[in-house]
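Asks: Curious how this folds, go ahead:
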Amino acid sequence: MTTFPSSAVEEATSIRRHLHSRPELKFEERETSDLVASFLVRHGYETKQGIADTGVTGVLDTGRPGPTLCFRADMDALPIQEETGLRYASTVPGKMHACGHDGHTASLLLAAAKLASESDQLGGRIKLLFQPAEEGGTGAARMIEEGALAGVDAIYGFHNRPGYRSGRVFAKAGPAMGGTSVYDVTIIGNGGHSSRPDLAVDPIFVGASLIHSMQSVVSRRLSPLESGVVSVTQFHGGNAHNIIPGRASMTINTRDASPETGAMIDRELNRLITSICHAHGAEVELTRILRIPPVVNHDAETEFTVAVAADVVGPDNAGYVHQLPTMGAEDFAFYLEKVPGCFFFVGNGEDSAYLHHPLYDFNDDILPVAAGMFAGIAHRRLGPGARSRDG
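Replies: Next up is the predicted model:
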């Protein structure tokens with residue numbers, strides 16, 4: 001089992017709470033970036049800032065043969081007004097670490113310090129990614145575009161999971177989190193007086209038909225053995241009580257459990273929306289403005305990660321899940337499309353408020369658990385036993 005000096009855990013807790021009090025939204029993580037970079041430099045990492053605007057990388061090169069392992073943490077907060085009342089609550093109105101990225105960052109820093117102190121026991125290289133803009137900014141894709149994965153042989157990351165026992169570590173092979181798409185739809189009708197709808201093409205009426213009919217994509221086109229969601233999250237049209245507007249707009253958010261399901265939902269939405277609008281005499285502009293694929297863990301890396309978890313937290317607190325723990329999206333998926341890896345989960349407590357809730361808080365007790373996973377993975381893959389097997 002990986003252990004940490006109490007002083008190191010106390011420092012990580014202090015960092016986590018400081019980050020919690022100073023949340024920064026996607027691509028605004030400048031204070032966080034500076035804190036991370038300063039910490040890495042202090043512990044001997046070759047450090048680079050400004051990747052994907054506010055991202056940070058740190059490299060620990062042992063100078064000995066071996067693979068390059070990559071560990072990732074996300075850094076951004078959410079536009080939510082915090083309601084926890086904690087003494088370290090957000091000091092920035094309307095911004096909050098409501099998804100635990102403060103804890104993800106602090107956990108990886110705790111691991112970074114330990115790995116630097118034990119580098120004489122390791123081979124190969126360790127690369128740390130502190131990523132901006134996970135929350136809807138596809139920061140992972142930007143990091144990849146700017147070379148953050150160059151030379152990486154495998155990648156690992158984690159997310160805290162409310163509703164599960166504190167410190168429990170688990171993973172799912174294959175699809176482990178949902179994919180998501182966001183569409184902007186503009187319905188182009190023909191405006192007119194509200195007393196003469198026969199002389200108009202009412203885009204609000206057409207939009208209402210769409211909202212109802214789109215649910216058939218999941219209920220009638222998707223296999224009941226698969227998972228998918230179609231939600232209309234915005235619908236806007238008109239600004240007067242007696243005018244039928246010429247246009248209406250809506251935003252659609254979809255979720256899918258596999259790349260194949262995502263492709264099917266996209267195809268069927270396009271077909272259905274276009275045909276219904278044309279049937280009512282309206283035109284339509286449909287644009288997919290965001291796509292994050294499902295997180296698909298590699299089988300071998302997942303088996304390896306669960307084995308490490310059994311060492312770190314004990315076999316009673318480690319294991320697999322065989323169903324998606326969430327349909328929430330996570331842009332770690334982009335990394336897994338490029339290199340083998342595993343995105344695992346650490347329980348945040350059964351009584352924890354859920355993610356993206358104004359009462360949520362990361363559980364500091366799991367900082368050494370998550371950090372222990374990173375350290376355990378590194379020692380299992382880069383330690384003397386691993387090097388002798390590779391040789």
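Asks: At the geometric centre of the chain, which residue sits there?
Replies: Glu330 (2.7 Å; Cα atoms, centre = their mean).
Asks: Tell me which residues touch that one, please.
Replies: Listed by Cβ atoms under 8 Å, 6 or more residues apart in numbering, the contact set of Glu330 reads Glu134, His159, Met177, Ile292, Val295, Phe343. C-beta coordinates here come from the backbone N, C-alpha and C atoms, glycine included.
Asks: how does it look with 7 Å?
Replies: His159, Met177, Val295, Phe343 (Cβ atoms under 7 Å, 6 or more residues apart in numbering).
Asks: Would you reformat the residues you listed as TSV and include distance to Phe205, neighbour count and secondary structure?
Replies: Formatted as TSV, the contacts of Glu330 follow (distance: Cβ to Cβ, whole Å; neighbours: other Cβ atoms under 10 Å; DSSP: H, G, I helix; E, B strand; the rest coil):
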residue	distance to Phe205	neighbour count	secondary structure
His159	42	26	strand
Met177	37	27	strand
Val295	39	29	strand
Phe343	44	25	strand
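Asks: need the residues you listed in JSON lines with pLDDT and distance to Gly50, can you?
Replies: Listed next are the contacts of Glu330 as JSON lines, based on pLDDT from 0 to 100; distance: Cβ to Cβ, whole Å:
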{"residue": "His159", "pLDDT": "98", "distance to Gly50": "25"}
{"residue": "Met177", "pLDDT": "95", "distance to Gly50": "28"}
{"residue": "Val295", "pLDDT": "96", "distance to Gly50": "27"}
{"residue": "Phe343", "pLDDT": "98", "distance to Gly50": "25"}
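Asks: Which two of those residues have the greatest separation?
Replies: Between any two of the contacts of Glu330, the greatest separation by Cβ to Cβ is 9.4 Å, found for His159 and Val295.
Asks: quick one: secondary structure of the residue nearest to the centre of the chain?
Replies: What DSSP: H, G, I helix; E, B strand; the rest coil gives for Glu330 is coil.
Asks: again with the one 4 residues further on
Replies: Put simply, Phe334 is helix when judged by three-state DSSP.
Asks: list the contacts for it?
Replies: Applying Cβ under 7 Å, 6+ apart, the residues contacting Phe334 are Ala140, Ala141, Ile144.
Asks: Which of those fall in helices?
Replies: Mapping the contacts of Phe334 onto helices (DSSP state H) picks out Ala140, Ala141, Ile144.
Asks: Distance-wise, check the second one relative to Phe332.
Replies: For Ala141, the distance to Phe332 under the criterion Cβ to Cβ, to the nearest Å works out to 11 Å.
Asks: The two: which has the busier surroundings?
Replies: Phe332 (26 against 18; other Cβ atoms under 10 Å).
Asks: which secondary structure elements does the host helix or strand of Ile273 contact?
Replies: Secondary structure assignment for Ile273, by DSSP states H and E: helix 259-279. Contact partners of helix 259-279 among helices and strands, from 3 or more Cβ pairs under 7 Å, 6 or more residues apart in numbering; DSSP states H and E: strand 179-188, helix 203-214, strand 228-237, strand 247-256, strand 283-292.
Asks: In JSON lines: these, plus mean pLDDT.
Replies: JSON lines is the format used below for those (pLDDT from 0 to 100):
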{"stretch": "strand 179-188", "mean pLDDT": "97"}
{"stretch": "helix 203-214", "mean pLDDT": "97"}
{"stretch": "strand 228-237", "mean pLDDT": "97"}
{"stretch": "strand 247-256", "mean pLDDT": "97"}
{"stretch": "strand 283-292", "mean pLDDT": "97"}
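Asks: Out of those, which gets nearest to Tyr164?
Replies: Of those, nearest to Tyr164 by Cβ to Cβ is strand 247-256, at 20.5 Å.
Asks: Show residues contacting that closest one.
Replies: When contacts are defined by Cβ under 7 Å, 6+ apart, strand 247-256 is touched by residues 178-189, 203-204, 207, 228-237, 262, 265, 294, 327.
Asks: Repeat the analysis, applying 8 Å as the threshold.
Replies: Under Cβ under 8 Å, 6+ apart, the answer for strand 247-256 is 178-189, 203-204, 206-207, 210-211, 214, 227-238, 262, 265-266, 269, 294, 327, 329.
Asks: Now list the buried members of the residues you listed.
Replies: Neighbour-count burial (16 or more other Cβ atoms under 10 Å) is assigned, among the contacts of strand 247-256, to 178-183, 185, 187, 189, 203-204, 206-207, 210, 214, 227-230, 232, 235, 237-238, 262, 265-266, 269, 294, 327, 329.
Asks: how's this protein carved up into domains?
Replies: 6-177+295-390, 179-292 (automatic domain parsing).
Asks: highest average neighbour count across the ones you listed?
Replies: Mean neighbours per residue, mean count of other Cβ atoms under 10 Å, is largest over the domains of the chain for domain 6-177+295-390, with a mean of 20.
Asks: check which helix or strand covers the nearest residue to Leu19 once chain neighbours are set aside.
Replies: Distance criterion Cβ to Cβ, 6 or more residues apart in numbering; nearest residue to Leu19, sequence neighbours excluded, is Asp102 at 3.9 Å. Counting by DSSP H and E, the element that carries Asp102 is helix 101-117.
Asks: I'd like the next helix or strand past that helix.
Replies: With elements assigned by DSSP H and E, the helix or strand that comes after helix 101-117 is strand 125-131.
Asks: partners of that following strand, with directions?
Replies: With DSSP bridges as the test, strand 125-131 is paired with strand 55-61 (antiparallel), strand 68-74 (parallel).
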